[in-house]
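One predicted model, sequence on top.
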Amino acid sequence: MLLSDFDFNLPNELIAQHPPKKRTDSNLLVAQSTIIDTKFHKIEDFISPGDLLVMNNTRVIPARLFGHKESGGKVEIMIERLLNDHQVLAMMKASRAPKIDSFITIENGEKAQVISKKNGFYTLNFITNSLLDLLDNVGHIPLPPYIERGDEQADLERYQTVFAKHEGAVAAPTAGLHFDDELLLSLKTKGVDHCFVTLHVGAGTFQPVKADKITDHKMHSEYFEIDQITVDKINQTKSNGGRIIAVGTTAVRSVESAAKSGTLKAIKGETDIFIYPGYEFKIVDKLITNFHLPKSSLLMLVSA
């Protein structure tokens with residue numbers, strides 16, 4: 001299967017640069033025997049009592065920082081992953097690459113030491129009492145590359161799902177952005193329950209596939225968790241004849257990774273699962289997802 005099979009023309013002017021005022025007023029395209037063009041608040045019409053929504057409750061951190069090197073040169077830091085209370089894995093943009101053991105001064109005056117570099121990512125050690133507080137104070141929301149504007153105050157709320165809980169993502173699980181509390185309550189009343197996985201979305205989610213043969217592509221790795229409560233809900237839904245509806249590609253990758261052995265298990269760890277046409281799904285029956293960029297691994301997952 002070739003990369004060119006997943007290419008298409010995507011005019012920039014068709015990519016919305018701001019969300020609608022109301023989350024559920026987003027457009028919804030339903031792919032069934034016929035194509036239905038409607039609004040997201042109508043999604044209840046396509047979900048049945050007894051179905052289960054699987055949602056990713058990761059929380060986006062303000063992972064984009066600006067600062068300067070010891071030489072005075074400007075640096076942009078894009079955090080990929082929190083390693084511990086003080087260290088991160090990050091990409092950095094600068095006119096010249098920062099040296100190992102040098103210090104970066106962040107906008108608020110606090111510093112980060114460059115510890116090492118591997119595969120294009122730097123390990124940075126922040127000299128601060130609270131890394132999360134530092135990010136909250138001077139960090140910027142890392143909007144996707146197809147949003148061609150700077151981050152705004154409203155993005156702090158709108159680029160999070162209403163059920164975001166566990167901090168660690170540098171990109172939102174965007175399919176979940178269209179749900180609000182009112183819709184979730186309405187679905188619950190209808191008999192449609194939901195459960196959560198946690199997958200901390202990394203910047204690699206936006207990286208295009210470059211290999212001509214997609215089977216030669218090496219997927220990025222991301223941390224994920226599925227607890228026993230979610231495992232039990234999924235198994236019970238399956239045994240009752242209900243459908244497992246993944247909200248977003250990250251939810252798909254999480255549950256399918258946890259079921260690699262053929263049995264769904266509670267798990268904490270890394271996943272680099274690459275799903276493309278020909279993959280046989282073990283758990284997921286239906287998918288709610290956004291549109292995806294040409295030549296992306298996400299488009300390949302949806303095609304599967």
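Sure thing, it's come through. Residues are numbered from 1 along each chain as shown.

where's residue 111 relative to residue 98, distance?
To residue 98, residue 111 is 12 Å away according to C-beta to C-beta, to the nearest Å. All C-beta atoms are positioned from the backbone trio N, CA, C, and that covers glycine.

Likewise for residue 191?
The separation that residue 191 has from residue 98, given C-beta to C-beta, amounts to 55 Å.

The two: who's more crowded?
residue 98 (23 against 12; other C-beta atoms under 10 Å).

ok so, going back, now for residue 111 and residue 98: what residues contact both?
Shared contacts of residue 111 and residue 98 (C-beta atoms under 8 Å, 6 or more residues apart in numbering): residue 104.

Can you give me every residue that contacts residue 82?
61, 88, 131, 167-168.

Inside helices: which ones of those?
Counting by DSSP state H, the contacts of residue 82 place residue 131 in helices.

Just the pLDDT at the closest residue to residue 190 other than its chain neighbours, thanks.
Excluding the flanking residues, the one nearest residue 190 by C-beta to C-beta, 6 or more residues apart in numbering is residue 49, at 5.8 Å. Predicted confidence (pLDDT) at residue 49: the value is 98.

Look up how far residue 294 lies from residue 49.
Distance from residue 49 to residue 294, by C-beta to C-beta: 37 Å.

okay, those two: which has more neighbours?
residue 294 (14 against 11).

Enumerate every residue touching the more buried one.
6-10, 208.

for residue 39, same thing?
Contacts of residue 39 (C-beta under 8 Å, 6+ apart): 24-28.

Wait, residue 146 touches residue 293, no?
Yes: in terms of C-beta atoms under 8 Å, residue 146 counts as a neighbour of residue 293; the distance is 6.7 Å.

By residue count, what's the longest helix in the chain?
helix 228-239.

Tell me where the stretch 1-150 of the chain has helices.
Using DSSP state H, counting those that start in this stretch, the helices of the stretch 1-150 of the chain run over 131-138.

what does the stretch 201-304 of the chain give?
Counting by DSSP H, counting those that start in this stretch, the helices of the stretch 201-304 of the chain are 228-239, 249-258, 297-303.

what helices or strands is the last one leaning on?
Using 3 or more C-beta pairs under 8 Å, 6 or more residues apart in numbering; DSSP states H and E as the contact criterion, the secondary-structure elements in contact with helix 297-303 are helix 249-258.

Look up how far residue 156 lies from the residue lying closest to residue 62 once chain neighbours are set aside.
The shortest distance from residue 62 to any non-neighbouring residue, by C-beta to C-beta, 6+ apart, is to residue 139 (2.8 Å). According to C-beta to C-beta, residue 139 and residue 156 sit 10 Å apart.
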